[in-house]
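Colleague: I need the structure of the sequence given here:
(chains A and B)
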Amino acid sequence: MNAFEYAAPTTKEQAVSLLGNQWGEAEILAGGTDLLSLMKDHLTTPKRVVNIKEIKEFQGIRYSGSTGLRIGSLVTLDELMNNATVKKDYPALVQAADGVRSAQIRNAGTVGGDLCQRPRCWYFRSGLGYFPKDESGKDLVVGGENQYHAILGNSGPAYFVNASSLAPALIALDAKIRVFGPSGWRDVSAEQFFVTPKDAGERETVLKPNEIVGEIIVPPAKGISNATYEVREKEALDWPLAAAAVALKMDGKTVQSSRVVLGHVAPVPWRSQDAEKALAGKAVDETAAAEAGTSAVSGAKPLSQNAYKVQLARVATKRAILKAAQGGA
Amino acid sequence: MYHRLQNLGHDVCNCVRWKSQFYESQRDPTVPPSNDDSYWCALTQRVLGPDGRVVDLENCQPGRACFKEPF
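Modeller: Below is the predicted model of the structure:
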């Protein structure tokens, strides 16, 4: 790890002033569960590390019946999943946070960090960037080890999958992410927060180098049944192979409207409007959930080694729908 | 430590590493076998070997270009 300057501001204004205008000049430290491994692997070599953990304004969880749930970006995953309101009204978030292994990561890792974590693609983590190529210029992902890569949104040039566990649930719940920068606050819908980089100099979110995720606002979930379902290879520290988060607004026994979001299958969390259309006006049962699952992956284009993920995403969607319909527990 | 290598039916490259290689423990027969280990290559120190392919007990066997005979 290279030497770096360390700053621990106590206000958001100080923190923003310490960040650079170019990616990589400074990095934000919160839980550090991703940043430290990136630094140890020399994937980022910041001149300055800005620890934002002392900024009280970015801490804590509050609930208001009119505006909903406000989650500070510094809230740890453990705090989130043990909050009484979150447990009662937002099971999709609890289930997503619980999927983050291990307990040590949940105790240190933050909500903001989960949203901003860098790709887990092994080529990216080996220092080959978003678009790894061999010496002849051939794409390493397409012709290589792509068993964990994208099956949706993978027309290139990026094939990694978004690694956030909370993002699908936050998008399903129609959350907005509040970002603080030199010009003050700006709000971005969780759905619009993630982008697929088209250039090596871009990142995976709409954040600018001198902006910080400050808080997340989730609308009141009264009457919204929600759930997350993940499929994983290992019980130990790992990321899911596929996940789905679902929010259902019911009209009696039929679905009035829904939001279905897949995780770990595309460079961004993948909202499936096809699945939402398949559910509209139907009673939720095994058949309707299975049809929605099939619709969710209808546009999938698996790579040479990851066709199995299509089935996992289909089943994750079906099970998340059934789980949500049963109250999310 | 070596229970991972039993019943594989083939040699494993000398450069494959995983955490439980480095401590003595007896296998708990009440815990079902799992693939919870993460593997890395001693040459690259990463999950990809020198040939750019993934490192694990199945992939790192004789026939792979970078295979090194086990001691």
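
Colleague: so what's A:Arg62 up against?
Modeller: A:Arg62 makes contacts with A:69-70, as judged by C-beta atoms under 8 Å, 6 or more residues apart in numbering or on different chains. Just so you know, the C-beta spots here come from the backbone N, C-alpha and C atoms, and that holds for glycine as well.

Colleague: May I have the beta-bridge partners of it?
Modeller: Judged by DSSP bridges, the bridge partners of A:Arg62 are A:Arg70.

Colleague: where does it sit relative to A:Gly109, distance-wise?
Modeller: Applying C-beta to C-beta, to the nearest Å, the value for A:Arg62 to A:Gly109 is 21 Å.

Colleague: for B:Pro29, same thing?
Modeller: 34 Å.

Colleague: Comparing the two, which residue is more hemmed in?
Modeller: A:Gly109 (22 against 6; other C-beta atoms under 10 Å in any protein chain shown).

Colleague: Verify the contact between that one and A:Leu77 for me.
Modeller: Yes: between A:Gly109 and A:Leu77 there is a contact under C-beta atoms under 8 Å: 5.2 Å.

Colleague: Could you find the closest non-adjacent residue to residue 67?
Modeller: Let's take chain A. A:Ile217 (6.7 Å; C-beta to C-beta, 6 or more residues apart in numbering or on different chains).

Colleague: hmm, I had chain B in mind actually
Modeller: Closest to B:Phe67 by C-beta to C-beta, 6+ apart is B:Cys13, at 5.0 Å.

Colleague: Next, that neighbour: phi, psi?
Modeller: The phi and psi values for B:Cys13, taken as degrees, to the nearest 10, are phi -50, psi 140.

Colleague: In stretch B:38-47, which residues are buried?
Modeller: Using 16 or more other C-beta atoms under 10 Å in any protein chain shown as the test for burial, stretch B:38-47 gives B:39-41, B:44, B:46-47.

Colleague: again, but for stretch A:39-59
Modeller: Buried, per 16+ other C-beta under 10 Å, within stretch A:39-59: A:39, A:43, A:46, A:49-52, A:55, A:58-59.

Colleague: circling back: check which strands are paired with the host helix or strand of the residue nearest to A:Thr67 and give the direction for each one.
Modeller: Using DSSP states H and E, A:Ile217 falls within strand A:212-218. Strand pairing for strand A:212-218, determined by DSSP bridges: strand A:68-72 (antiparallel), strand A:176-181 (antiparallel).

Colleague: Now do the first one: everything it contacts.
Modeller: Where contact means C-beta under 8 Å, 6+ apart, the residues beyond strand A:68-72 that reach it are A:57-64, A:80, A:85-86, A:89-90, A:111, A:214-221.

Colleague: Likewise for the longest one?
Modeller: Contact partners of strand A:176-181, identified using C-beta under 8 Å, 6+ apart, comprise A:12, A:16, A:115, A:170, A:185-190, A:193, A:207-208, A:210-217.

Colleague: Just the buried ones among those residues, please.
Modeller: Looks like these have A:12, A:16, A:115, A:170, A:188, A:190, A:193, A:207, A:210-217 buried, using 16+ other C-beta under 10 Å.

Colleague: Tell me the one of these nearest chain B?
Modeller: Among those, A:Leu115 lies closest to chain B (C-beta to the nearest C-beta), at 24.3 Å.

Colleague: Name all residues that make contact with whichever residue of chain B sits closest to chain A.
Modeller: Per C-beta to the nearest C-beta, B:Asp36 is where chain B lies closest to chain A, at 4.1 Å. Residues near B:Asp36 by C-beta under 8 Å, 6+ apart: A:234-236.

Colleague: ok, 6 Å please
Modeller: Residues near B:Asp36 by C-beta atoms under 6 Å, 6 or more residues apart in numbering or on different chains: A:234, A:236.

Colleague: For chain A, which segments count as strands?
Modeller: Taking DSSP state E to define them, one finds strands in chain A at A:5-7, A:26-29, A:48-51, A:61-64, A:68-72, A:176-181, A:184-189, A:212-218, A:224-231, A:242-251, A:254-263, A:270-271.

Colleague: Reformat those strands into CSV and put mean pLDDT next to each item.
Modeller: Shown next, in CSV, are the strands of chain A (pLDDT from 0 to 100):
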stretch, mean pLDDT
strand A:5-7, 98
strand A:26-29, 98
strand A:48-51, 98
strand A:61-64, 97
strand A:68-72, 98
strand A:176-181, 98
strand A:184-189, 98
strand A:212-218, 98
strand A:224-231, 97
strand A:242-251, 97
strand A:254-263, 97
strand A:270-271, 98
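
Colleague: and stretch A:159-167, what's its mean pLDDT?
Modeller: Mean per-residue pLDDT for stretch A:159-167: 97.

Colleague: what's in contact with that stretch?
Modeller: Against stretch A:159-167 from outside (C-beta under 6 Å, 6+ apart): A:96, A:99-100, A:114-115, A:117, A:119-121, A:141, A:149-150, A:194, A:239, A:264, A:267-269.

Colleague: Any residues of chain B in contact with chain A? List them.
Modeller: Contact residues (C-beta under 6 Å from any C-beta of the partner chain) of chain B with chain A: B:36, B:46-48, B:54.

Colleague: Residue of the stretch 101-250 of chain A closest to chain B, please.
Modeller: A:Ala236 (4.1 Å).

Colleague: Can you give me the distance of that residue to A:Arg101?
Modeller: Relative to A:Arg101, A:Ala236 is positioned 6 Å away (C-beta to C-beta).

Colleague: OK, contacts around A:Leu241?
Modeller: So A:Leu241 contacts A:231, A:233, A:312 (C-beta under 6 Å, 6+ apart).

Colleague: which residue packs closest to residue 44, ignoring adjacent ones?
Modeller: Picked chain A for this. A:Leu38 (4.7 Å).

Colleague: Actually, chain B is the one I wanted.
Modeller: B:Pro50 is the one closest to B:Thr44 (C-beta to C-beta, 6+ apart), at 5.9 Å.

Colleague: list the contacts for A:Gly328?
Modeller: If a contact means C-beta under 6 Å, 6+ apart, then A:Gly328 has A:91, A:225-227 as its contacts.
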